[in-house]
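Engineer: what would the 3D arrangement of this be:
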Amino acid sequence: MVDAEQRLWAPWRMRYIGGGATEDGCVFCNRLRAGNDVESLILLRGPNAFVIMNLFPYNTGHVMIVPNQHVADLADLPFEAAIDMTLLAPQVTGALRRVLSCAGFNLGLNIGDVAGAGVAAHLHQHVVPRWVGDANFMPILASTMVIPELIPTTYAKIRAELQREMTANATCRAIVLTDDDRSVVLQDGALPTATASEKQPVWKAALGAVQSVAGDLEIAGWAGSERADASAGPLALTLRAVKVTDAPGREVVGLTEALDRLDEREAVILRRARANLAPSIAAPDDRIGQVSSS
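Structural biologist: Numbers count the residues shown, from 1 in each chain. Down below sits the predicted model:
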């Protein structure tokens, strides 16, 4: 009998290994045209380039900087797109450092099939966070990377940080759901809010603001705007709580009742929170994501 703790669960990789992640057309162009950036894993849209998560990452927080225009080679890249990609790199690495406390990065372009490009027809730059000791026996001996966090959770953390960079807004609404995902915590009749300090990541500020609310909290998804561009609305992160403690002004309210009581803007945020929930860490699955690339 093998204990559950001895099993390495990474079911989202099966689609990539088995070839089930392929699709018609260019995966990057398809995502750029799609309406929901959360489902597409787009973290930030710029005038000439965008940032997207890799659904099958080499490391947690593996993202790609991609030109909006469908070109395969640097020689064909418009000057404006080259500038935007260059300017996005420090913005992305700065956000990733705050979010993940990584020690370094690998940045690179694989140009052409022979160089290992998974999507050779559309140029893209990889940004891979690195930590001391991350190349342990698993990738070296077993050719297996251990990704310790679900994709929707990592997306939410990075999306909040990049939107903070884009809008200069560090205040975030924290949607705290009970562990059955059927009730939400209100503070004085509204969703709790938190403001990150200069060097503090938004997700840690949100967690700290509601730490007294509940035990065993986890970031469970993004609840802000679907569109990751300059028109993005307020920062909003969903958290899941195992238990909620009593305090003045605090109440646990069913989702239907909460939607009736909240103002229209906060009701929209609550609906998004419920729609974009990551699965429980006890039962990982492949509920969102479409992009696979080398």
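Engineer: now the strands for this protein?
Structural biologist: 42-45, 49-53, 63-67, 104-109, 125-130, 171-178, 183-187, 193-195, 214-215, 218-222, 235-241, 243-244, 250-254 (DSSP state E).
Engineer: least reliable of the ones you listed by average pLDDT, please.
Structural biologist: Lowest mean pLDDT of these: strand 214-215, a mean of 61.
Engineer: do you know how far Ile269 is from Gly46?
Structural biologist: 24 Å (C-beta to C-beta, to the nearest Å). Using the backbone N, CA and C atoms, a C-beta is placed for each residue, glycine as well.
Engineer: point out where the stretch 51-200 of the chain drops to low pLDDT.
Structural biologist: The stretch 51-200 of the chain contains residues with pLDDT under 70 at 135-148.
Engineer: try 90 this time
Structural biologist: Counting by pLDDT under 90, the ranges of the stretch 51-200 of the chain that qualify are 55-60, 113, 115-118, 131-151, 165-167, 178-182, 187, 198-199.
Engineer: Val114 and Ala120, how far apart?
Structural biologist: In terms of C-beta to C-beta, Val114 sits 9 Å off from Ala120.
Engineer: compare these two (neighbour count), which wins?
Structural biologist: Ala120 (18 against 8; other C-beta atoms under 10 Å).
Engineer: before we move on, the earlier item: TSV for the strands of the chain, including distance to Ala278 and mean neighbour count?
Structural biologist: Listed next are those as TSV, based on distance: least, C-beta to C-beta, whole Å; neighbours: other C-beta atoms under 10 Å:
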stretch	distance to Ala278	mean neighbour count
strand 42-45	16	24
strand 49-53	13	25
strand 63-67	17	26
strand 104-109	25	14
strand 125-130	19	20
strand 171-178	11	23
strand 183-187	16	22
strand 193-195	19	17
strand 214-215	17	16
strand 218-222	5	25
strand 235-241	8	26
strand 243-244	19	16
strand 250-254	21	16
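Engineer: okay if I get those strands as a markdown table plus distance to Ala89?
Structural biologist: Putting the strands of the chain into a markdown table (distance: least, C-beta to C-beta, whole Å) gives the following:
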| stretch | distance to Ala89 |
| --- | --- |
| strand 42-45 | 12 |
| strand 49-53 | 10 |
| strand 63-67 | 6 |
| strand 104-109 | 7 |
| strand 125-130 | 7 |
| strand 171-178 | 25 |
| strand 183-187 | 38 |
| strand 193-195 | 27 |
| strand 214-215 | 37 |
| strand 218-222 | 23 |
| strand 235-241 | 23 |
| strand 243-244 | 41 |
| strand 250-254 | 42 |
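Engineer: to Leu96, which of those lies closest?
Structural biologist: Leu96 lies closest to strand 125-130 among the strands of the chain, at 5.4 Å (C-beta to C-beta).
Engineer: can I get that closest one as PDB, trimmed to CA atoms?
Structural biologist: The C-alpha trace of strand 125-130 is given here as PDB (Å, rounded to 0.1, in the frame of the first residue of the first chain):
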ATOM      1  CA  GLN A 125      10.200  35.200 -24.800                       C
ATOM      2  CA  HIS A 126      10.200  32.900 -21.800                       C
ATOM      3  CA  VAL A 127      10.600  34.200 -18.300                       C
ATOM      4  CA  VAL A 128      11.300  31.400 -15.800                       C
ATOM      5  CA  PRO A 129      11.700  32.100 -12.100                       C
ATOM      6  CA  ARG A 130      14.600  30.200 -10.400                       C
END
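Engineer: strand partners of that strand, parallel vs antiparallel please.
Structural biologist: Strand 125-130 has its sheet partners listed here by DSSP bridges as strand 63-67 (antiparallel), strand 104-109 (antiparallel).
Engineer: for Asp24, which of the ones you listed is the nearest?
Structural biologist: Of all the strands paired with strand 125-130, the one in closest proximity to Asp24, counting by C-beta to C-beta, is strand 63-67 (18.5 Å).
Engineer: run the chain-centre distance for the closest one.
Structural biologist: 14 Å (C-alpha atoms, centre = their mean, to the nearest Å).
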